[in-house]
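S.K.: Here is my input; please provide its structure:
(one chain, ligands or ions: 1)
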Amino acid sequence: MPSPDTSSPLLVWFRDDLRTDDNPALSAALSDGRPVIGFYLLDEVSEGVRPFGGASRWWLHHSLSALAERLTRINVPLVLRQGGALDEVPRLAREAGASGIVWNRRYEAAAIRLDAALKSTLRADGLSAESFNGALLVEPWEVATKAGAPYKVFTPFFKALVARGEPARPHACGERSGSSVPVSVPHSDELGAWNLLPCAPDWAGGLRETWTPGEDGAKARLSDFLDIRLSGYAEHRDAPGKATTSRLSPHLRFGEISPRRIWHAAAFHAETAGEPNTRTALAKFQAELGWREFSYHLLFHFPTLDRQNFQPRFDGFPWKRDAGAFAAWTRGRTGYPLVDAGLRELWHTGYMHNRVRMVAASFLVKHLLLDWREGEAWFWDTLVDADPASNPASWQWVAGSGADAAPYFRIFNPTGQGEKFDPEGHYTRKWVPELAALPNKFLFRPHEAPAEVLESAGVRLGETYPRPIVDHGKARQRALDAFETLKTAE
Ligand code: FAD
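M.R.: Sure, this is the predicted structure:
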């Protein structure tokens, strides 16, 4: 055991970086040689801070518990506090007798404001305060067009990111001998007292079955992806029944693994595999990591991304208010099997496959004409990977109101999408079991099935499974008409 060190400690403020590996703030603190105290602040009161949704709170609980355990191995205690950052961080620094504080950056406008204000306060109090990039391959301000403006289109953004050369290599620091032991550690809340886990009712059974939050869970996901799934990624990533994607998104969201670690591990794997399909898959996979970067680029340069249309012409869009249609969508009872499968997968596991997210989101916005912000908020509450940048950026992409968005007039046919991307129906049958006995021909169009087919499959439309809540053809036309109103308003 290292001997206790009486010099004043450094604080590491953990936020969206709940890991020890490739954590620049933690590395900086550990390399300093002074005792290190980690802390996490549950701040649901500072102005503009968006409170976690239910599924994220569940994840956070387990992730913090895993982080505390891991930090113990390197002699870093984790202090848990609750409250507004502007008061609580300086208070904790005083209580710890800290000489400095480090953290990895966040990119939401409210967080940036808080961090800047805190840096000034802490420095004025005589403490050192430094921040690092722990979340992104490239800082949002490091990539700009020739004119020095932010990118609004993904492809040139990603080209510019790649043209900078390989992203920085990750640094392993978690397994080092660790820092010297702090002499005293300020009071910490009990994690359980934060009530992050649901209890009455406990709806988290499906989450527990599906996920292992924490750094070890993230590493296991990455190995599993590289060993088993990466080679088929380019070909099958759009097939929800094939489980070919990495499912690293919640681990990335909470920073249990760094994008640099993933980028380089995938590149190394593809290089050593030496197969052309793995190299193609690598390019596709890295581009998806690029979409995450692009979302943060947009959020940084357009801080109201989660509230305001990126394209202001959408401000006049004639959204409908329809609580019944919204409830049917959230419960997976729209009468469109692929959409319903997605919403039920989401409710049960806190996750939805990307292709199905696109179809389900498009259905809400275009078939039901409900405001994308209603869908974004539902995803925020129910996704374990609910992300301040990727969630609103993706919703705006689907709605057509975003930067580099899908054109509004391109309207997914939820039936055709099911037939194309889940042709054997494995995914849809799993999540909509009341349709499981239907033949493939009618699985995505039960309302068109002859009575005897429905009967032999045990399906009673309107009873065991809903009829479509809107007619696809009519809904499509209604959406196109609504879009026309935008054009005439231009
Ligand atoms: P993989 O295919 O294995 O991709 C690897 C990683 O790249 C992902 O973990 C993710 O971090 C990133 N990524 C992949 N696709 C995208 C994308 N289109 N945009 C941004 N990053 C991407 N992703 C979130 O992480 N959080 C969200 O809140 C979120 N909300 C979404 C809402 C809608 C309406 C849509 C259409 C997409 C949303 N996405 C979101 C993007 C995408 O669906 C998920 O990142 C992906 O399904 C995660 O699964 P995976 O880890 O297996 O992805």
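S.K.: contacts, neighbours, all on C-alpha from now
M.R.: Will do.
S.K.: What part of the chain, helix or strand, is modelled with the least confidence?
M.R.: helix 472-489 (a mean of 88; mean pLDDT, DSSP states H and E).
S.K.: Flag every residue of the stretch 301-450 of the chain that's near the ligand.
M.R.: Within the stretch 301-450 of the chain, the residues that sit near the ligand (C-alpha under 6 Å from any ligand atom) are 353-354, 357-358, 361, 385-387, 390-391, 394-395.
S.K.: Can I get those in JSON lines including distance to Leu18, neighbour count and pLDDT?
M.R.: Output for those, formatted as JSON lines (distance: C-alpha to C-alpha, whole Å; neighbours: other C-alpha atoms under 10 Å; pLDDT from 0 to 100):
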{"residue": "His353", "distance to Leu18": "24", "neighbour count": "19", "pLDDT": "98"}
{"residue": "Asn354", "distance to Leu18": "24", "neighbour count": "15", "pLDDT": "98"}
{"residue": "Arg357", "distance to Leu18": "26", "neighbour count": "20", "pLDDT": "98"}
{"residue": "Met358", "distance to Leu18": "29", "neighbour count": "19", "pLDDT": "97"}
{"residue": "Ala361", "distance to Leu18": "30", "neighbour count": "28", "pLDDT": "98"}
{"residue": "Asp385", "distance to Leu18": "14", "neighbour count": "25", "pLDDT": "98"}
{"residue": "Ala386", "distance to Leu18": "16", "neighbour count": "26", "pLDDT": "98"}
{"residue": "Asp387", "distance to Leu18": "15", "neighbour count": "22", "pLDDT": "98"}
{"residue": "Ser390", "distance to Leu18": "19", "neighbour count": "22", "pLDDT": "98"}
{"residue": "Asn391", "distance to Leu18": "20", "neighbour count": "22", "pLDDT": "98"}
{"residue": "Ser394", "distance to Leu18": "24", "neighbour count": "22", "pLDDT": "97"}
{"residue": "Trp395", "distance to Leu18": "26", "neighbour count": "25", "pLDDT": "97"}
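S.K.: longest strand anywhere in the chain?
M.R.: For the chain, the strand with the greatest residue count under DSSP state E is strand 36-42.
S.K.: Please list the residues outside that strand that contact it.
M.R.: Identification of contacts with strand 36-42 by C-alpha atoms under 8 Å, 6 or more residues apart in numbering yields 9-15, 29-30, 75-83, 85, 179-182, 185.
S.K.: for the following helix or strand past it, the distance to its chain's centre please.
M.R.: Downstream of strand 36-42, the first helix or strand assigned by DSSP states H and E is helix 54-72. Distance of helix 54-72 from the chain centroid (C-alpha atoms, centre = their mean, to the nearest Å) equals 16 Å.
S.K.: name the helices or strands packed onto helix 54-72?
M.R.: helix 215-224, helix 372-382 (3 or more C-alpha pairs under 8 Å, 6 or more residues apart in numbering; DSSP states H and E).
S.K.: okay, those in a markdown table with mean pLDDT, distance to Gly53 and mean neighbour count next?
M.R.: As requested, the helices and strands packed on helix 54-72 are arranged in a markdown table below (pLDDT from 0 to 100; distance: least, C-alpha to C-alpha, whole Å; neighbours: other C-alpha atoms under 10 Å):
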| stretch | mean pLDDT | distance to Gly53 | mean neighbour count |
| --- | --- | --- | --- |
| helix 215-224 | 98 | 21 | 18 |
| helix 372-382 | 98 | 4 | 20 |
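S.K.: Could you say which one of those helices comes nearest to Glu47?
M.R.: helix 372-382 (18.5 Å; C-alpha to C-alpha).
S.K.: Follow the chain on from that closest one and name the next helix or strand.
M.R.: Counting by DSSP H and E, what follows helix 372-382 is helix 390-399.
S.K.: Report all helices and strands that that next one contacts.
M.R.: Right, helix 390-399 is packed against helix 276-301, helix 354-362, helix 372-382 by 3+ C-alpha pairs under 8 Å, 6+ apart.
S.K.: so for the first one, what's the average pLDDT?
M.R.: I take that to be helix 276-301. Averaged over helix 276-301, pLDDT sits at 96.
S.K.: could you give the angle of it to helix 390-399?
M.R.: 100 degrees (axes from the mean of the first three to the mean of the last three C-alpha atoms, to 10 degrees).
S.K.: just checking, what packs against helix 276-301?
M.R.: For helix 276-301, the packing partners by 3+ C-alpha pairs under 8 Å, 6+ apart are helix 154-163, helix 233-236, helix 259-273, helix 390-399.
S.K.: for the ones you listed, which one sits closest to Pro198?
M.R.: Here helix 390-399 is closest among the helices and strands packed on helix 276-301 (C-alpha to C-alpha), at 22.9 Å.
S.K.: just checking: which of the contacts of strand 36-42 also lie near the ligand?
M.R.: Answer for the contacts of strand 36-42 near the ligand: none qualify (C-alpha under 6 Å from any ligand atom).
S.K.: Of those residues, keep whichever come out buried.
M.R.: Buried members of those, scored by 16 or more other C-alpha atoms under 10 Å, are 9-15, 29-30, 75-81, 85, 179-182, 185.
S.K.: Could you list which of those belong to strands?
M.R.: Short answer: the buried ones among the contacts of strand 36-42 in strands (DSSP E) are 10-14, 78-81.
S.K.: Export those residues as JSON lines, with columns for pLDDT.
M.R.: Below are these laid out as JSON lines (pLDDT from 0 to 100):
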{"residue": "Leu10", "pLDDT": "96"}
{"residue": "Leu11", "pLDDT": "98"}
{"residue": "Val12", "pLDDT": "98"}
{"residue": "Trp13", "pLDDT": "98"}
{"residue": "Phe14", "pLDDT": "98"}
{"residue": "Leu78", "pLDDT": "98"}
{"residue": "Val79", "pLDDT": "98"}
{"residue": "Leu80", "pLDDT": "98"}
{"residue": "Arg81", "pLDDT": "98"}
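S.K.: which one of the residues you listed sits closest to the ligand?
M.R.: Phe14 (19.4 Å; C-alpha to the nearest ligand atom).
S.K.: Give me the number of neighbouring residues for Ala160.
M.R.: 16 (other C-alpha atoms under 10 Å).
S.K.: so it sits right up against Val143, yeah?
M.R.: Yes. Counting by C-alpha atoms under 8 Å, Val143 is a contact partner of Ala160 at 6.7 Å.
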